[in-house]
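Trainee: when you get a sec, could you give me coordinates for this:
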Amino acid sequence: MASGATSDAWPSSPYSSSAPDGEVLRSLHRLARDLSAAEAPAPFLRAVFAAVARRARLLAAVFDDLLLCGAAAGPLLLLPRSASLCLRELLLVLQRFKALVADCAARSRTRLLLQSDEVAARARELQHDLATLLDLLPVADLGLADDVSDLLALASRQCRRAVAAPELELKAGVLALIQEVEREIVPGRERLEGVLEDVGINDPASCSDEIETLEREIGDRVAERWTSSMIALVGLLRYAKCVLFSAATPRPVDSNKVDLDDGDGDDGAEPPSPPLDFRCPISLELMADPVVASSGQTYDRDSITRWFGSGKSTCPKTGQVLPNLELVPNKALKNLISRWCRENGIPMESSESGKSEPAPVVVGANKAAQKAARMTASFLVKKLSASFSPEATKRVVQEIRQLAKSGSDNRAFIGEAGAAGLLVPLLRSEDSALQLNAVTALLNLSILEANKKRIMHAEGAVDALCHVMCSGATWRAKENAAATVLSLAAVHAYRRRLGRNPRVVDSVVQLARTGPASTKKDALAALLCLSAERENVPRIVEAGAAEAALSAIGDAEAAAAVLASLAKRGGAEAIVALDGAVARLVAEMRRGTEWSRECAAAALVLLCRRAGAAAASQVMAVPGVEWAIWELLGTGTERARRKAASLGRACRRWAAAANAEQGTECPTSGDASGLTVAS
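Mentor: This is a model prediction of the structure:
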């Protein structure tokens, strides 16, 4: 309320014609008591919040006396109109005070520090409004005792005093620290410790919470003016956490794929795993900008753009040659991902540029964030290379894993520092937590192209991954080892090298055959990638990949795709020889997901082309195959409709050839000769 406000404005208050005076007094009393007990969310705002609490304690005593005086009137308490309106306006101001307190409590401490002068200005404005209303309150009409009237006068005088200024020196010091990091000046341990203590971060848990809250605020774009500084502070806090708290016991974690998907959520220490459809098939990360390629498959724009930029014109998931390289935004999926991120408190990266320019003081703060990340990576890798206790090794590896999940720059810095060669021996550790953290860290690192080379060239890396897939302490570790093989096999040369290794193939096939659902998905995805190289297929088929994929049909979407890939590159006869393989593919063509129906149809077409009558006769012997083809023609994707048409033509040709040879109608589940299919 402005200082020039008059009673003419009061009737517009939402309380002017609603709650009775007694209820208004009780609300005022409750609010004043709540504010009197409010604690500063950070040490540097202690003076500001202490001033608010002192004023609130005085008002609580006044409202307490008013309630006692009005108790005799009971529920029909009726105050003079001018007093009633003034008290209702006071209620609004106190509610705004409480909202300010709640808002500050919800912010990260470092963001509060950056905005501390704004918080103080808001508190000054509210105190001025409160002083104006206290001066306007008709004390004589309320029949207050002299000592209570004195309390009101004291509260008014205190409200007119200047609010204690926040510690602007601390803010300036933090911004100066960011600029020093940008110039590659490594901050000393004592200085970091002093800054964090002044901000109110005194242990690894509070440091982790601060990082998570700050990242969420960056994703929510709550303070765009300070976004660059906030990004720099995340990097600085990660470095400080490693330097100051690396001896502390880490939070217990589990893993599921890349650490954006980390954790089972049991202890609240890690974000929940995103649904499979929310992850980019190329990077395995949560998609920030999902787009649909001409094959109908969805990818993150950055990943598929880099795929096309490397000279490829095929769909990474299906392997088909794309008619064009156009990308269509998948807005519906992006909205679903955004909502899931909001519900689970996970910051979502955005590809859209901000509308407002950063403040001049923080122009280079993103560079500072990169320098801080490089310092953190170097510190952790040096510590890992030193000889110290197994517990210390576990803590450092977990920190490397956490850092590697948070962006390509961090992965590059960790890889450049030499982490891959140090992590590989830890895959053979008998400590299940250490093994899991090590293999997950390698998985996170392998997303970056340059790190794939570092891992493949690390001594014993492939054998160590095979060891985890075969003898890992947990299914999570085995699963992430298979996902690492998938990531490494994205490079053509490494796909050949991995496919030539019988142990790699056998390990992946075994996981596809015996693993739980999530492990099977990663193992089948790895088989799909390895089978894209023709020379790998005989070895993969010999290892039993066709049987493993067939047994997973209906449970794993990629199973039909694996069979199609094997059939395309020399494995058709082996698939046809499997009991019930064709029938399972026909069933998947009717009841599977959109992609698996498409892949099942493609596999059947390839079997008919490569295995001839042996496959075609089995297809036509399946009851309802004609209806499955018709359904796919009507409801499938564009590629699925083409494959269904090809399958129908193959069946007609086989039926016609069989009739011509035998002079009789070939046994089918329907009139195959009458099946007409549009091309």
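Trainee: next, count neighbours for residue 542.
Mentor: 15 (other C-beta atoms under 10 Å). Where you see a C-beta, it was placed from the backbone N, CA and C, and this is true even at glycine.
Trainee: all helices for the stretch 451-600 of the chain, in order.
Mentor: 461-471, 475-488, 492-500, 502-514, 517-530, 537-542, 545-552, 558-566, 572-576, 581-591, 594-611 (DSSP state H, counting those that start in this stretch).
Trainee: and those helices: which comes nearest residue 131?
Mentor: helix 475-488 (60.5 Å; C-beta to C-beta).
Trainee: so how far is the closest one from its chain's centroid?
Mentor: 19 Å (C-alpha atoms, centre = their mean, to the nearest Å).
Trainee: got the angle for that helix vs helix 492-500?
Mentor: Taking axes from the mean of the first three to the mean of the last three C-alpha atoms, to 10 degrees, one finds helix 475-488 and helix 492-500 inclined to each other by 130 degrees.
Trainee: list the contacts of helix 475-488.
Mentor: 254-258, 284, 427, 432, 435-436, 439-440, 442-443, 446-447, 452, 455-456, 465-466, 468-469, 472, 494, 498, 504, 507-508, 511, 515-516, 518-519, 522-523, 525-526, 529 (C-beta atoms under 8 Å, 6 or more residues apart in numbering).
Trainee: the helix or strand of the chain with the lowest mean pLDDT: which residues count as buried?
Mentor: Lowest on mean pLDDT, DSSP states H and E among the helices and strands of the chain sits helix 331-343, with a mean of 75. Buried residues in helix 331-343, counting neighbours by 16 or more other C-beta atoms under 10 Å, are found at 333-334, 337, 340-341.
Trainee: same for that helix, what does it pack against?
Mentor: strand 290-292 (3 or more C-beta pairs under 8 Å, 6 or more residues apart in numbering; DSSP states H and E).
Trainee: buried ones in the strand it packs on?
Mentor: 290-292.
Trainee: what does that strand rub up against?
Mentor: Against strand 290-292 from outside (C-beta under 8 Å, 6+ apart): 280, 298-301, 304, 327-330, 333-334, 337.
Trainee: quick check on those residues: which are buried?
Mentor: 280, 298-301, 304, 327, 330, 333-334, 337.
Trainee: distance to residue 150 for those residues - can I get that in TSV?
Mentor: Shown next, in TSV, are the buried ones among the contacts of strand 290-292 (distance: C-beta to C-beta, whole Å):
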residue	distance to residue 150
280	68
298	70
299	71
300	67
301	67
304	73
327	72
330	67
333	65
334	61
337	60
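Trainee: related to what we said a few turns ago, rebuild the helices of the stretch 451-600 of the chain as a markdown table, extending it with distance to residue 181 and mean pLDDT.
Mentor: Written out in a markdown table, the entries for the helices of the stretch 451-600 of the chain read as follows (distance: least, C-beta to C-beta, whole Å; pLDDT from 0 to 100):
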| stretch | distance to residue 181 | mean pLDDT |
| --- | --- | --- |
| helix 461-471 | 33 | 95 |
| helix 475-488 | 31 | 93 |
| helix 492-500 | 36 | 92 |
| helix 502-514 | 42 | 94 |
| helix 517-530 | 38 | 90 |
| helix 537-542 | 49 | 94 |
| helix 545-552 | 49 | 94 |
| helix 558-566 | 44 | 92 |
| helix 572-576 | 58 | 93 |
| helix 581-591 | 55 | 91 |
| helix 594-611 | 46 | 90 |
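Trainee: columns distance to residue 114 on top of the ones you listed, output as TSV?
Mentor: Shown next, in TSV, are these (distance: least, C-beta to C-beta, whole Å):
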stretch	distance to residue 114
helix 461-471	43
helix 475-488	37
helix 492-500	45
helix 502-514	48
helix 517-530	41
helix 537-542	55
helix 545-552	52
helix 558-566	47
helix 572-576	62
helix 581-591	55
helix 594-611	46
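Trainee: for residue 161, which of these is the nearest?
Mentor: Proximity to residue 161, assessed across the helices of the stretch 451-600 of the chain by C-beta to C-beta, is greatest for helix 475-488 (59.1 Å).
Trainee: between helix 517-530 and that closest one, find me the angle.
Mentor: Going by the same axes, to 10 degrees, helix 475-488 makes 20 degrees with helix 517-530.
Trainee: pull out the buried positions in stretch 633-645.
Mentor: 633, 636-637, 639-645.
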